[in-house]
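> Sequence and computational prediction follow.
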Amino acid sequence: MTSHIILFKITLIAYFSATVLYLVNVVLKHEKSGKFARWVLFCGIAIHFVNMALRFYEVRYTPVTDLHGSLSFFALCLVVLFLLFDIRYRLPVMGAFISPLALVLMIFAGIAHKPLLELNPILDSWWFPIHITFAFLGNAAFSLAFCAGVMYLLQNRMLKSKRFSALYYRLPSLDTLDSINYASLTIGFPLMTMGIISGAVWAESVWGTYWSWDPKETWALITWFLYAALLHGRLSIGWRGKRAAIFAIIGFCCLLFTFLGVNLLLSGQHTFKALGG
């Protein structure tokens, strides 16, 4: 068993442990488990970073060219961004939504693991790590907006029905959730924009054109317009609350299709098969 696989499994265990601890915090109202979960996640991302660095050392290129590497890197970006938000908001209940999502990404990454092939010449560019870093951090920010939107709708529904579960007493206020939603959008949208721009510049250097209407490019643009509409609605029209939460969820579903659906179901220059992954 290689060091990469061992570190990956340790990271998986760390994210699983954090998920259990966050759920214990929410269900049993055990405050110490939430604090401990945060430190477990910090340890998890430290090991995850080492794992990615070791993978880079082994293959001598950014190891995000296949489904395994992409899902793993997505999980890493998600956990890192969540912990940064957690420093500001101190919401262990959000960890009960984020850590399971990261865990699911890692489980599917483990299922999709296979030896990396020789690097496709198209990816042999310093634009590649720049492009994917912007893109995946943007995806992670929108994932936070998605989770905040789900939490908002759950709390809003319980308030209107006057049926309060144990989760209700752990959720932050609707205003706080709306603030997290907005903060996530203001971070994610510029990152996504930079990801698209860096990808276009990279495409021009490889294929001689900035935009070729490849399925991945098309769906990325559709997703960008959705989030642009949401951000415009919030800034200019005053969209807040339930409408913003629903839009964030719709945007995330479109984002998932752009990230996974296009790669697995459609053909084009950006699919894992086309890139040699």
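Looks like it arrived, so ask away.
> what does the average pLDDT come to for stretch 244-256?
Taken as a whole, stretch 244-256 has a mean pLDDT of 94.
> same check, this time on stretch 48-55
91.
> what's the answer for stretch 223-240, then?
Per-residue pLDDT values across stretch 223-240 average out to 90.
> ok, and for it, which residues are buried?
In terms of neighbour count (16 or more other C-beta atoms under 10 Å), stretch 223-240 has its buried residues at 223-224, 226-227, 230-231, 234, 239-240. Where you see a C-beta, it was placed from the backbone N, CA and C, and this is true even at glycine.
> now do stretch 10-24
Of all the residues in stretch 10-24, those buried under the rule 16+ other C-beta under 10 Å are 10-12, 14-24.
> Just the closest of those residues to Leu177, please.
Leu177 has its nearest neighbour among the buried residues of stretch 10-24 in Tyr22, at 16.7 Å by C-beta to C-beta.
> picking up where we left off before, which of the buried residues of stretch 223-240 lies closest to Leu256?
Set against Leu256, the nearest of these by C-beta to C-beta is Thr223 (9.5 Å).
> isn't that closest one right next to Leu256, touching?
No - with the criterion set as C-beta atoms under 8 Å, Thr223 and Leu256 do not qualify as a contacting pair; they are 9.5 Å apart.
> which residues of the stretch 1-150 of the chain score low on pLDDT?
Along the stretch 1-150 of the chain, the parts satisfying pLDDT under 70 run over 1, 116-121.
> tell me the secondary structure for Leu191?
Reducing the assignment at Leu191 to three states with DSSP: H, G, I helix; E, B strand; the rest coil gives helix.
> The closest residue in space to it that isn't next to it in sequence: how many residues sit nearby?
The spatial neighbour of Leu191 that comes closest, neighbours along the chain excluded (C-beta to C-beta, 6 or more residues apart in numbering), is Gly138 at 3.5 Å. Here the neighbour count serves as a burial measure; for Gly138 (other C-beta atoms under 10 Å) it reads 26.
> buried ones in the helix or strand where Gly138 lies?
Following DSSP states H and E, one finds Gly138 within helix 127-161. Buried residues in helix 127-161, counted by 16+ other C-beta under 10 Å: 127-128, 130-155, 158.
> what about the helices in the stretch 1-150 of the chain?
Using DSSP state H, counting those that start in this stretch, the helices found in the stretch 1-150 of the chain span residues 3-28, 31-59, 67-89, 92-111, 127-161.
> For those helices, give me a markdown table that also has distance to Gly261.
Rendered in a markdown table, the data for the helices of the stretch 1-150 of the chain read as follows (distance: least, C-beta to C-beta, whole Å):
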| stretch | distance to Gly261 |
| --- | --- |
| helix 3-28 | 24 |
| helix 31-59 | 25 |
| helix 67-89 | 12 |
| helix 92-111 | 14 |
| helix 127-161 | 14 |
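> Among those, which comes closest to Leu174?
Of all the helices of the stretch 1-150 of the chain, helix 127-161 sits nearest to Leu174, with 6.0 Å by C-beta to C-beta.
> and the angle for that closest one with helix 67-89?
Relative orientation of helix 127-161 versus helix 67-89 (axes from the mean of the first three to the mean of the last three C-alpha atoms, to 10 degrees): 60 degrees.
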